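**Student:** Give me the fold of what follows.
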Amino acid sequence: MSIVILIVDDDPNFKKILKLKVLSLNTNKIIEKKISVKEVSTISEAKDFLKIETPDLVLLDQHLPDGLGSELIESNEMLYIPVISLSSDDSPELPATNIKKGAKLFIPKADITKAYFLPLLEAIISKADSEAAIRKSEELRLKLETVQTLTKTLNHEINNPLGVLYGAEFILQSESTTKEEKDKALLLIKESTTRIKNILQELSNTTELQVADKGGEELFNLANDTSWKTKN
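**Tutor:** Next up is the predicted model:
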C-alpha cells in the first residue's frame, strides 16, 4: 500500500521539480511505504480527484486558475487530509490565512530546494500516516460497539415474542387446554412470529440507528419501529 501525495499547482515546471523532490524520498528510503504522486492544476480538478481517492497529503499552491488554494482547504472533501500550502507570493497575511483555515504548514516555493524541506516533508507524512492509522482503529472500535449494541437490542426485542411463543406452545401441548384457549394461543403465535419478522425486516431496511433509553439502558432503536415506545 502506497502513500499518495496530491500536488495542486498550475505551473508545470514547478510541479515537475516538486514531484522529483517528493519521489526522492523513495530513493533515499526515508519512509517505509512507497510514495506515489498525483497532479492536478485547478481546484475543480482537485475536488474531482478527491471524490474518487483520498490522498495522504496535499501540496497546495495558492494562486490557481479557478481560485485560491486556501478555499480548497475548507471544503468537505479535505476533511482529515493534511495540507502543506506553497506559494511564491510573499504577502504577509497569506501564511496566517492558510494556517487558520487548516493547513499544517505554509512554505515559500523557493524553499523546496532547501535542506530542511525533505526532512520536514518526511515528518508530516509520517505523522499523517500515524494519525490515519489511529482514525481507522477508532472507526473499527465504534463499529464493534455498534454491532454489540445492536446485538443487545435485537436480543431484547426478540426475547419478548419468543417468550410468548414458548407460552403458546405450552398451552397447545396441554391436554386440558380448551378450544378457545388453543385459538388464542394460535393467535399469539401468529402475532409473535409477525413481530419477529418485522424486527428482522427493519434491520434489513434501516440505514441508521436511533439511540433510545429503555429500562435505564441505552439501546439502539431500529429506525421507524413505531412499536418501540409501546413495549415494556
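**Student:** can you map out the strands along the chain?
**Tutor:** 3-8, 35-40, 57-61, 63-64, 67-68, 83-87, 105-108, 209-214, 217-222 (DSSP state E).
**Student:** Dump these to a markdown table, plus mean neighbour count, distance to residue 197 and mean pLDDT.
**Tutor:** C-betas here are computed from N, CA, C, even on glycine. Listed next are these as a markdown table, based on neighbours: other C-beta atoms under 10 Å; distance: least, C-beta to C-beta, whole Å; pLDDT from 0 to 100:
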| stretch | mean neighbour count | distance to residue 197 | mean pLDDT |
| --- | --- | --- | --- |
| strand 3-8 | 22 | 46 | 94 |
| strand 35-40 | 18 | 49 | 94 |
| strand 57-61 | 25 | 50 | 95 |
| strand 63-64 | 18 | 56 | 94 |
| strand 67-68 | 16 | 54 | 92 |
| strand 83-87 | 24 | 51 | 94 |
| strand 105-108 | 17 | 57 | 93 |
| strand 209-214 | 13 | 19 | 50 |
| strand 217-222 | 17 | 13 | 49 |
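**Student:** To residue 117, which of the ones you listed lies closest?
**Tutor:** Nearest of the strands of the chain to residue 117, taken as C-beta to C-beta: strand 105-108 at 7.3 Å.
**Student:** Adjacent strands (with direction) for that closest one?
**Tutor:** Here strand 105-108 is paired, per DSSP bridges, with strand 83-87 (parallel).
**Student:** pull the CA atoms of the strand it pairs with into PDB?
**Tutor:** Coordinates of the C-alpha atoms in strand 83-87 are reproduced here as PDB (Å, rounded to 0.1, in the frame of the first residue of the first chain):
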ATOM      1  CA  VAL A  83      -2.100  20.200   3.700                       C
ATOM      2  CA  ILE A  84       1.200  22.000   3.100                       C
ATOM      3  CA  SER A  85       0.500  25.300   1.400                       C
ATOM      4  CA  LEU A  86       3.000  26.600  -1.100                       C
ATOM      5  CA  SER A  87       3.300  30.000  -2.800                       C
END
